[in-house]
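In: Provided below for reference: sequence and predicted model.
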Amino acid sequence: MRLPGRLAAAIEVLADVEQRRRPVSEALKAWGLDNRFAGAGDRAAIGNLVYDALRRRASHAFAMGSDSPRALVLAVALRDWGETRESLVEAFAGDRHAPEPPSEAEIAAAATDLAAAPPAIRADVPEWLAPSLERAFGPDWVEEGQGMAGRPSLDLRANALKASPEKVVKSLARFSPQPTFIAPFGITMPAGPRDARTPNVTTDEGYQKGWFEVQDQGSQVVAALAGAREGEQVLDLCAGAGGKTLALAATMGNRGQIFAYDSDRARLAPIYERLKRNGVRNAQVRAPQPGALDDLVGKMDRVVVDAPCTGTGTWRRRPDTKWKLTPELLAQRQAEQAALLAEAQAYLRPGGVLAYITCSILPEENDDRVAAFRAAHPGFETLDIAQAWRSALITDLPDGLATPAGGLCLTPRRTGTDGFYCHLLRKAG
Ligand SMILES: C[S@@+](CC[C@H](N)C(=O)[O-])C[C@H]1O[C@@H](n2cnc3c(N)ncnc32)[C@H](O)[C@@H]1O
C-alpha cells in the first residue's frame, strides 16, 4: 500500500474506534483481518498513524478546526510526518485507494500556529486535568504534557538470573539496541519516525530462553527502588502478570521468598509461564481466594503495592485512555489505592518497608494518597528517596524528580521513561 491507502485505512480505523467505542488495538486487529492483503509494514504504518492521531488529538483538532478521523489523520501526515502540499498531491495522484485529496483549506489549517491555543490544547491533555498537572509540574506542565504525547521507546530488562545486558544486546544486534541511561539492566530501542516498525523482540531466541523481558525503563527503576534484598520475605500485592515480580526476583538473586498475589485471576494467569521462562525459583503465586494471605500478616520485610491507577504515565503507549479518563474513574482508583495501602501495611513486620508504586503522574493518586495513609497510620515514616536511589541505582538522584511529600516521579520529559511514581514508607519497629 502507498501512503494514501494507509491514510484511508487509518481514517477507517479511527472512525471504528469512535463509533463502536472499542479499544484501538482491537479496531486495528479487526481491520487487519478484514484486509488480509495488507502486509506487516502496512499494518504497522496504519497503527502509527492512528496512535499518533490520538497522542496529539487536541492540538491536531485545534489546528484543523475539526476532530473528525479525516482531520486527525491528515494532521498527522502534515504536522508530524513531514508531508507537504506537494508531496501529498503527488502521492494522491492516480492512487485508487486514496481518500479525497486534502483541500487547500485543510493544508492551510495544518500549518496553524498553536502559540495562542489554550495551554491544555498545547499540552495535548484533557482540560479538566490541567490543574492537577500544574500542581504536579508547576510552570513546566505544558511541556510535560507534550512529552507524554510522543512515541515511546521499546525497553527491555536483561534478566540477571540468566543473562547480562551485553549478551542481550548481542542477541538483538539487528535492532541496534542501546543501554538505558538509568536502569542498570535496561536496554532500549528508540522509536523510529513515521512508519517505522517496532522490533518484534519476543520471537528472538533470547526471549524464549528468558534472557530478557519487555519492561519500560521507568518500571525497572521503580522495581529497583522497592529495594528488595536477597533473603527477604516480600509480598507483591498487585502482581498482575508479574512484571515487577520478575524484576524483584532478579534483584534478590532467587534468594528469599516473593509472594505474588493479585485479586484478578485472569491478570495473574500469565505469571506462571513468565516465572518459568525467567528461571525464577523464589516466587510463590497466591491465587485470589478468601484468606489467601492470612498467614503473611505481620511477617513481611517488604510489601510492594503496584497499585491500580489511571495509567496517565502510559499515555504514550495507550493514548486512547487519555481521552477516556473521567473524574469518576479517577475517584474510583483513589478509593482502591487507599484500601490497598490500608491492607498492605498489615502484612509488614515492625520495621518493614512498604513500596507504593503507580504508573500515574497525578498527585491525587500519588503524594495525596500517601499523605492520607500517613495521617491514618502515624507509625509510618517516609524513607529518603535520594538515598534509596543511590543504593539501588548507584548514581545520585537527578534534580527535580523528588515530589513534595518525599516520593519520586518519573516522566517521559524528565527521564525518557513512562510516568511512574514511587514512595517508600517504613513501619515503626
Ligand atoms: C498496575 S497493575 C499491576 C502490574 C504488575 N505489578 C506488573 O508489574 O506487571 C495493578 C493490579 O492491581 C490489581 N488489583 C486491583 N485491586 C486489587 C486488590 N484489592 N488486591 C490485589 N490486587 C488488586 C489489578 O488486578 C492489577 O493487576
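Out: Great, that's in hand.

In: Around the ligand, pick out the residues from the stretch 151-300 of the chain.
Out: 237, 238, 239, 240, 241, 242, 243, 244, 262, 263, 264, 267 (C-beta under 6 Å from any ligand atom). C-betas here are computed from N, CA, C, even on glycine.

In: Pick the one among those residues closest to residue 399.
Out: Sorting these by distance to residue 399 puts residue 244 at the head of the list, at 26.3 Å, by C-beta to C-beta.

In: And the closest one, how far from residue 316?
Out: Counting by C-beta to C-beta, to the nearest Å, the gap from residue 244 to residue 316 is 20 Å.

In: Show me which of these two is the more surrounded one.
Out: Neighbour tally, residue 244 and residue 316, criterion other C-beta atoms under 10 Å: the higher count belongs to residue 244, 25 against 22.

In: May I have the residues that are in contact with the more buried one?
Out: 219, 222, 223, 226, 236, 304, 306, 357 (C-beta atoms under 8 Å, 6 or more residues apart in numbering).

In: Kindly recompute the last result at 10 Å.
Out: Counting by C-beta atoms under 10 Å, 6 or more residues apart in numbering, residue 244 makes contact with 215, 219-220, 222-223, 226, 228, 236, 238, 258, 260, 304, 306, 355, 357.

In: next one: residue 365
Out: 132, 307-313, 330, 333-334, 336-337, 356, 358-359, 421.

In: mind checking the SS state of the nearest residue to residue 98 once chain neighbours are set aside?
Out: Distances taken as C-beta to C-beta, 6 or more residues apart in numbering place residue 4 nearest to residue 98, at 3.3 Å, with adjacent residues excluded. Secondary structure, DSSP: H, G, I helix; E, B strand; the rest coil: residue 4 is helix.

In: out of the contacts of residue 365, who's near the ligand?
Out: Within the contacts of residue 365, those near the ligand by C-beta under 6 Å from any ligand atom are 308, 336.

In: In helices, which of the contacts of residue 365 appear?
Out: 132, 330, 333, 334, 336, 337 (DSSP state H).

In: before we move on, back to that, which members of the residues of the stretch 151-300 of the chain next to the ligand are the farthest-apart pair?
Out: 243 and 263 (16.6 Å).

In: So for those two, which residue has more residues nearby?
Out: Between residue 243 and residue 263, counting by other C-beta under 10 Å, residue 243 is the more crowded of the two (22 against 13).

In: Which parts of the stretch 51-200 of the chain are helices?
Out: 57-64, 69-75, 85-92, 104-110, 119-123, 130-137, 141-147, 165-171 (DSSP state H, counting those that start in this stretch).

In: and the first one, what other elements does it pack with?
Out: Under the contact criterion of 3 or more C-beta pairs under 10 Å, 6 or more residues apart in numbering; DSSP states H and E, the helices and strands touching helix 57-64 comprise helix 40-55, helix 69-75, helix 104-110, helix 119-123, helix 141-147, helix 319-324.

In: could those be laid out in JSON lines, adding distance to residue 232?
Out: Converted to JSON lines, the helices and strands packed on helix 57-64 look like this (distance: least, C-beta to C-beta, whole Å):
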{"stretch": "helix 40-55", "distance to residue 232": "40"}
{"stretch": "helix 69-75", "distance to residue 232": "49"}
{"stretch": "helix 104-110", "distance to residue 232": "55"}
{"stretch": "helix 119-123", "distance to residue 232": "41"}
{"stretch": "helix 141-147", "distance to residue 232": "35"}
{"stretch": "helix 319-324", "distance to residue 232": "34"}
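
In: For residue 416, which of the ones you listed is the nearest?
Out: helix 141-147 (8.9 Å).

In: quick one: buried residues of stretch 399-417?
Out: By neighbour count on 16 or more other C-beta atoms under 10 Å, the buried set for stretch 399-417 is 401-403, 406-417.

In: just checking, residue 4 touches residue 77?
Out: Yes: counting by C-beta atoms under 10 Å, residue 4 does reach residue 77; the two are 9.5 Å apart.

In: Tell me the residues that contact both of the two, please.
Out: With C-beta under 10 Å, 6+ apart, residue 4 and residue 77 have common neighbours 88, 91.

In: Of those two, which one has the most company?
Out: Taking other C-beta under 10 Å, residue 4 and residue 77 do not tie; residue 77 has more neighbours (25 against 21).

In: ok now do the closest residue to that one other than its chain neighbours, which residues does it touch?
Out: Nearest non-adjacent residue to residue 77, counting by C-beta to C-beta, 6+ apart: residue 83, 4.3 Å away. With contact set as C-beta under 10 Å, 6+ apart, residue 83 has these partners: 3, 7, 74, 76, 77, 91, 102, 107, 110, 194.
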